[in-house]
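[1] Sequence and predicted model, in that order:
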Amino acid sequence: MLEIKNLRASLEEEGKEILKGVNLTIEAGKVHAIMGPNGSGKSTLSYVLSGRDGYEVTEGSVTLNGEDILGMEAEERAAAGLFLAFQYPVEIPGVGNMTFLRTAVNAQRKARGQEEMDAASFLKEVRAKAKELKIDAEMLKRPVNVGFSGGEKKRNEILQMAMLEPKVCILDETDSGLDVDAMKLVADGVNAMRSSDRGFLVITHYQRLLDHIVPDVVHIMVDGRIIKTGGPELALEVEKSGYADLIGEAA
Amino acid sequence: MGLPQAKLTATEARLAALDMPKAPGWSSLARAAALARVESMGLPGRRDEYWRFTDPAELLAPAPVPAALFRGEDKPVFDDMDRVKLVFVDGVFDAEASDDPALAGVEISRLAEAQALDIHWAADLYGVLEARAQEPVERPFAALNTAFATDGVLIRATGRAEKPVNLVYLHHSESSDAVLHHVIKVEAGADLTVLENGPAAARFNKVMEVDIADGGAFHHVRVQGRDHERRAATHLFARLGRESTFKSFTMTANGALTRNECIIELTGDDAVAHVAGACVGDGSDFHHDDTVFITHDAERCESRQVFKKVLKNGATGVFQGKILVQPGAQKTDGYQISQSLLLDEDSQFLAKPELEIYADDVACSHGSTSGAIDETALFYLRSRGVPRSEAVDLMVLSFLAEAIEEIEAEAIREEITERLAQWLARHRR
Ligand SMILES: Nc1ncnc2c1ncn2[C@@H]1O[C@H](COP(=O)(O)OP(=O)(O)OP(=O)(O)O)[C@@H](O)[C@H]1O
Ligand SMILES: [Mg+2]
């Protein structure tokens, strides 16, 4: 469903190449995990996929259900079904969390030619989903992510994902900063969304998250390339002996 | 007059184009004194420090620059409110369009009529706060106004006013030049809300003097929207007694040139004064200036200034704000923030925040910032499917929120937010 072919991307300002030919296909219903050393380009991949300004794609293609998304604006990619849970969720003072969510849900619906959700059913749905993630109603009233703890921000990302019901979910280190219980909550939230028509790309440094969200495929990214692909056992290998052996193997 | 020749010439030319009312009655003394003030100060020029950021030329030219009339569809802002409406068309009172000014706890009369009466409460107040405010900074347009005002509303609140008084200023003539002077007295423990809206004229010089006695409360919400080309110099003078409250909010959208001065004296202990403004400007022909001067001359008073401006396509915003804490004004709590959001590199914000403190036990803070829209936040919103233009509007409204929140009445707060949202949607570019 998401097909990335030989994707090369550089920083627009410095011209520095970060992604050096990424190949990756996420099939519907599957969970792919990406692991890799700090600075290897994992977040950059997530930003390039979701359409953030500041990167120049110099080569390759990305399609979502056959449709080229690289020419789309960020908001169009979202409406097409792409979602990124940020490694560092952004604080937006003055914009209420609820307003933000409703604007987002309705903007996507509008873009897809669907009717907007009325206020009452929206509220009901948010409340139910927030409850599952143990996000209290008070937090929904606050400005987006302002004053949220690290873990609350990550749970808020999952709430947004649950409300937006995307086709492809990219989770960038959603486990970092989470305590054991919160990690379980987030994993349950993600697992509840696993379905035959939805794919996941889970970026993480730790095997721990993958105990809860069991991946179908694990990739190792080093220096802007995927150097190895395998099953869940690959994550265990990284956990045990780090990246040095894998890098050596690939070289 | 010991004025420089250029200033003298400009002042004389302006004065020659104005007439005092035929029967000024009790106002004649105040008017004569005000005229003498104008003659000795002269009208401002670009060289005057207080007008460094705003060119007063069009405000003092003998004739106004013609201004096209508003052609929009939306109805005037406070039309759905329960209020006492008083309408001025190009500065001329329109009795037909106005409500009967009967309001329990409030006396309302008009300057043009009341000045002929032998006795009137406003005789002791007309031009008084304006004259007091000529020190330490000269405000010649306000003195000019006191001398030549053709009309205005005199409001005395003796109790809790049931409804707001709404001054509606319509603009029907492309070259009108209006000078209105309102005097408001809020008696001890009384409570009054005054709303103002509309462009008023091609050029508008307005003074509002507000005297609030002990325990009184005055709320003021003003909307300067509509006409793109009108020019205005307004002065809002307030004097606050013990435990009194003054809250003023102004929304400005459109207008070629606006200079809003607000001068507040806290003279009684434990008084509270808040003044706020939200301004949105589009285009290089937009210039908006908020000039505020707050004097703390009593103990434990609180003052708060919150001014936010959103500027695009070459618009200019100005903020000059001063808190003066007099000797003995202990436990003063003064807060001032002025911020601008520049939506492009052509727009500019000029700010001069000042503190002058002569008491030792005070807490005063001020901050002035000017910045572009947060691209990271913008991407975050867009990544959730919110189109760029909507995302920008959402962030602009959130930027303005701190100023809008200064309005106490929720219905008005929502109405203002909605108006701003509509303006933003019309000005997406
Ligand atoms: N805007 C930028 N300006 C300069 N360098 C950048 C920028 N964005 C990314 N980089 C560089 O690109 C490389 C890849 O960064 P990226 O954030 O994608 O790594 P990552 O794999 O997500 O790392 P981590 O595991 O630490 O989150 C790093 O060397 C980083 O410094
Ligand atoms: Mg990263």
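    Structure received. Ligands and ions are numbered 1, 2, ... in the order given.
[2] Any figure for the gap between B:A23 and A:L82?
    Per C-beta to C-beta, to the nearest Å, B:A23 is found 75 Å from A:L82. No exception for glycine: its C-beta is placed from N, CA and C like everyone else's.
[3] more neighbours, these two?
    A:L82 (26 against 10; other C-beta atoms under 10 Å in any protein chain shown).
[4] What's the local residue count around the residue lying closest to that one once chain neighbours are set aside?
    Excluding the flanking residues, the one nearest A:L82 by C-beta to C-beta, 6 or more residues apart in numbering or on different chains is A:V168, at 5.3 Å. Residues near A:V168, counting by other C-beta under 10 Å, number 23.
[5] ok, now A:E233?
    Applying other C-beta under 10 Å, we find 8 residues neighbouring A:E233.
[6] Check the gap between it and A:I26 for me.
    Separation of A:E233 from A:I26 (C-beta to C-beta): 19 Å.
[7] State the three-state secondary structure for the residue in chain B positioned nearest to ligand 1.
    Of all residues in chain B, B:T376 sits closest to ligand 1, at 10.7 Å by C-beta to the nearest ligand atom. When classified by DSSP: H, G, I helix; E, B strand; the rest coil, B:T376 comes out as helix.
[8] how near is A:L164 to A:H212?
    Counting by C-beta to C-beta - A:L164 and A:H212 are separated by 22 Å.
[9] Those two: which is more packed in?
    Neighbour count, other C-beta under 10 Å: between A:L164 and A:H212, A:L164 has more, with 20 against 15.
[10] Now do the same contact list for the closest residue to that one other than its chain neighbours.
    In this structure, A:L164 finds its nearest non-sequential neighbour in A:F83, 5.9 Å apart by C-beta to C-beta, 6+ apart. Residues counted as contacts of A:F83 (C-beta atoms under 8 Å, 6 or more residues apart in numbering or on different chains) are A:160-161, A:164, A:166, A:168-170, B:383.
[11] can you do 6 Å?
    A:161, A:164, A:166, A:169 (C-beta atoms under 6 Å, 6 or more residues apart in numbering or on different chains).
[12] Of the residues you listed, which belong to helices?
    A:161, A:164 (DSSP state H).
[13] mind checking pLDDT for the spatially most central residue of chain A?
    The centroid of chain A falls nearest to A:I170 when counting by C-alpha atoms, centre = their mean (2.1 Å). Looking at A:I170, its pLDDT stands at 96.
[14] list the contacts for it?
    A:46, A:84, A:201.
[15] Could you single out the nearest of those to B:F204?
    Closest approach between the contacts of A:I170 and B:F204, by C-beta to C-beta: A:L84, at 50.9 Å.
[16] Show me the helices in chain B, by range?
    Taking DSSP H as the test, the helices found in chain B are B:5-16, B:27-41, B:57-60, B:111-114, B:128-132, B:140-148, B:375-383, B:388-404, B:410-426.
[17] Adding mean neighbour count and distance to chain A, write those out as CSV.
    Shown next, in CSV, are the helices of chain B (neighbours: other C-beta atoms under 10 Å in any protein chain shown; distance: least, C-beta to the nearest C-beta, whole Å):
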stretch, mean neighbour count, distance to chain A
helix B:5-16, 15, 43
helix B:27-41, 18, 42
helix B:57-60, 18, 34
helix B:111-114, 19, 41
helix B:128-132, 20, 35
helix B:140-148, 26, 35
helix B:375-383, 22, 4
helix B:388-404, 21, 3
helix B:410-426, 16, 11
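[18] out of those helices, which comes closest to A:E237?
    Once these are compared by C-beta to C-beta, helix B:375-383 is nearest, at 32.7 Å.
[19] what mean pLDDT does that closest one have?
    For helix B:375-383, the mean per-residue pLDDT is 95.
[20] name the helices or strands packed onto it?
    helix A:74-80, helix B:388-404 (3 or more C-beta pairs under 6 Å, 6 or more residues apart in numbering or on different chains; DSSP states H and E).
[21] Could you identify the helix or strand that succeeds the first one?
    Read that as helix A:74-80. strand A:82-85 (DSSP states H and E).
[22] strands paired with that following strand, and their directions?
    strand A:168-172 (parallel) (DSSP bridges).
[23] Not counting its neighbours along the chain, what's nearest residue 125?
    If you meant another chain, say so; for now it's chain A. Spatial nearest neighbour of A:E125, chain neighbours left out: A:M163 (6.9 Å); criterion: C-beta to C-beta, 6+ apart.
[24] Wait, chain B was what I had in mind.
    B:V183 (5.2 Å).
[25] Over to B:A149?
    With C-beta to C-beta, 6+ apart as the criterion, B:A149 has its nearest non-adjacent residue at 3.4 Å, and that residue is B:H181.
[26] Would you mind listing the residues in contact with that neighbour?
    By C-beta under 6 Å, 6+ apart, the contact set of B:H181 is B:145, B:149, B:152, B:207.
[27] again, 8 Å this time
    By C-beta under 8 Å, 6+ apart, the contact list for B:H181 reads B:111, B:126, B:145-146, B:149, B:151-152, B:206-209.
[28] A:T25 contacts A:S61, correct?
    No. Contact criterion C-beta atoms under 8 Å: A:T25 and A:S61 do not qualify, at 11.8 Å.
[29] Which neighbours do the two have in common?
    Residues touching both A:T25 and A:S61 (C-beta under 8 Å, 6+ apart): A:3-4.
[30] circling back: how close does the residue nearest to B:L125 sit to B:A36?
    Distance, B:V183 to B:A36, using C-beta to C-beta: 20 Å.
[31] now swap in A:E14 and tell me
    A:E14 sits 67 Å away from B:A36, going by C-beta to C-beta.
[32] shaky segments in the chain?
    In the absence of a named chain, this looks at chain A. Per-residue confidence for chain A (pLDDT under 70) gives these ranges: A:250-251.
[33] if you could check chain B rather than the one you did, that'd help
    B:1, B:429.
[34] Identify the residues contacting the residue sitting furthest away from the middle of it.
    Here chain B reaches farthest from its C-alpha mean at B:S383, the gap being 40.2 Å by C-alpha atoms, centre = their mean. Taking C-beta under 8 Å, 6+ apart, we find B:S383 in contact with A:50-52, A:74-75, A:77-78, A:83-84, A:86.
[35] closest to A:I135 among those?
    Using C-beta to C-beta, the contacts of B:S383 come closest to A:I135 at A:F86, 16.4 Å.
[36] list the contacts for B:A253?
    If you count contacts by C-beta under 8 Å, 6+ apart, B:A253 has them with B:224-225, B:279-281, B:419-420, B:423.
[37] Surely A:I135 touches A:G151?
    No. At 10.5 Å, A:I135 does not count as touching A:G151 under the criterion of C-beta under 8 Å.
[38] the strands in the stretch 51-200 of chain A, which residues?
    Counting by DSSP state E, counting those that start in this stretch, the stretch 51-200 of chain A has strands at residues A:55-64, A:67-68, A:82-85, A:92-96, A:143-144, A:168-172, A:199-203.
[39] possible to save the ones you listed as JSON lines with distance to ligand 1?
    What follows is these, written out as JSON lines (distance: least, C-beta to the nearest ligand atom, whole Å):
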{"stretch": "strand A:55-64", "distance to ligand 1": "8"}
{"stretch": "strand A:67-68", "distance to ligand 1": "23"}
{"stretch": "strand A:82-85", "distance to ligand 1": "12"}
{"stretch": "strand A:92-96", "distance to ligand 1": "20"}
{"stretch": "strand A:143-144", "distance to ligand 1": "22"}
{"stretch": "strand A:168-172", "distance to ligand 1": "7"}
{"stretch": "strand A:199-203", "distance to ligand 1": "7"}
